[in-house]
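Asker: What would the 3D arrangement of this be:
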Amino acid sequence: MQLAPSALEHAETALRDPAYYQLYKRLYHFVKKFKDRLPSYTHDEVSAVTLHEETELFTPYVQMSGVL
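Answerer: Coordinates of the predicted model:
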């Protein structure tokens, strides 16, 4: 059984629907509550992060003659 797509599944109609904004607000609230409950980073955790440059290998650009 195939169902017709909801109005919230189309960007053209979702942005005009007040239910979209209510749903988005509720989801944002849940994510914000979750993030607020996470422990904050300590100074040692933040200062221990080091970034290393990684070299990546790329194949050279090859120009093919006679091909448009």
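
Asker: ok, how many other residues are close to Y20?
Answerer: 15 (other C-beta atoms under 10 Å). Using the backbone N, CA and C atoms, a C-beta is placed for each residue, glycine as well.

Asker: Which pLDDT does the model give it?
Answerer: For Y20, the pLDDT comes out at 85.

Asker: That one and V31, how far apart?
Answerer: Distance, Y20 to V31, using C-beta to C-beta, to the nearest Å: 16 Å.

Asker: repeat for E9
Answerer: When E9 is compared with V31 (using C-beta to C-beta), they lie 21 Å apart.

Asker: And for E12?
Answerer: 25 Å.

Asker: Show the contacting residues for A14.
Answerer: By C-beta atoms under 8 Å, 6 or more residues apart in numbering, the residues touching A14 are 7-8, 20.

Asker: From the residues you listed, which land in helices?
Answerer: Assigned to helices by DSSP state H, the following of the contacts of A14 qualify: Y20.

Asker: can you redo the contacts of A14 as a markdown table with distance to M1?
Answerer: Putting those into a markdown table (distance: C-beta to C-beta, whole Å) gives the following:
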| residue | distance to M1 |
| --- | --- |
| A7 | 20 |
| L8 | 20 |
| Y20 | 25 |
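
Asker: Lovely, talk soon.
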